[in-house]
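Chemist: Just the structure for this:
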Amino acid sequence: MLLTGSAVTNAQVRVITRAAEAYSHFKLRGARLLNVNEAGIDGREENVFIFSKAAKGARPDSMYLQRYTRDKSGWIVKADTLLIHAGVIMNWDARKGFFDGDGDGSVDAYFIYSLTDADLKQQSVHLLFSKGTVFYTISAFATDGYQKSRYSKNFESLSPEIRKRLADAWEQLDKE
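Modeler: This next block holds a predicted model:
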């Protein structure tokens, strides 16, 4: 029993990169695939995070994040969210993280995106965090020089370990 508990608390998140074609069987909400991230914990959970957007040039711009999790019957949508903006939504694909912050055997994932005006001048930057079926955000805006962080109403419901991990990633982010 002790050995099992130790294995769970020390579980490592595994991240896999594949060509976009490998995910053609997933039903996208958007018209265009932006990127895919596969992350899991061996023997516990497998996830695929898919970002897609509306057709090129669509206004307002919209971006979808779908979190698929494999269960006994196959891949199911565990959570999804829609972002809408009058300008352009920019996905910062190189800025993301995967971890199991509270040791529950489920992948916790964050992604960074920004909102720009039609001329691509950045207006705000956002951290979008996925835990289970729920999304949380941290945001900062150009109007105050990205000095004030704003948190979603549900952010305080996260464990202290996860809030600290996200706050550390957020503070290290070059928001401009």
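Chemist: for the longest helix along the chain, packing partners?
Modeler: Ranked by residue count and defined by DSSP state H, the top helix of the chain is helix 160-172. Judged by 3 or more Cβ pairs under 8 Å, 6 or more residues apart in numbering; DSSP states H and E, the packing partners of helix 160-172 are strand 108-116, strand 122-131, strand 134-141. No exception for glycine: its C-beta is placed from N, CA and C like everyone else's.
Chemist: Mind putting those into CSV with mean neighbour count and mean pLDDT?
Modeler: Formatted as CSV, these follow (neighbours: other Cβ atoms under 10 Å; pLDDT from 0 to 100):
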stretch, mean neighbour count, mean pLDDT
strand 108-116, 21, 97
strand 122-131, 21, 98
strand 134-141, 19, 98
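Chemist: now those strands in TSV, with distance to Met90?
Modeler: Below are the helices and strands packed on helix 160-172 laid out as TSV (distance: least, Cβ to Cβ, whole Å):
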stretch	distance to Met90
strand 108-116	5
strand 122-131	8
strand 134-141	14
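Chemist: Out of those strands, which is closest to Gln147?
Modeler: strand 134-141 (7.5 Å; Cβ to Cβ).
Chemist: Tell me where the model's unsure across this protein.
Modeler: For the chain, applying pLDDT under 70 flags the ranges 1-11.
Chemist: let's go with 50 and repeat that
Modeler: Applying pLDDT under 50 to the chain flags the ranges 1-10.
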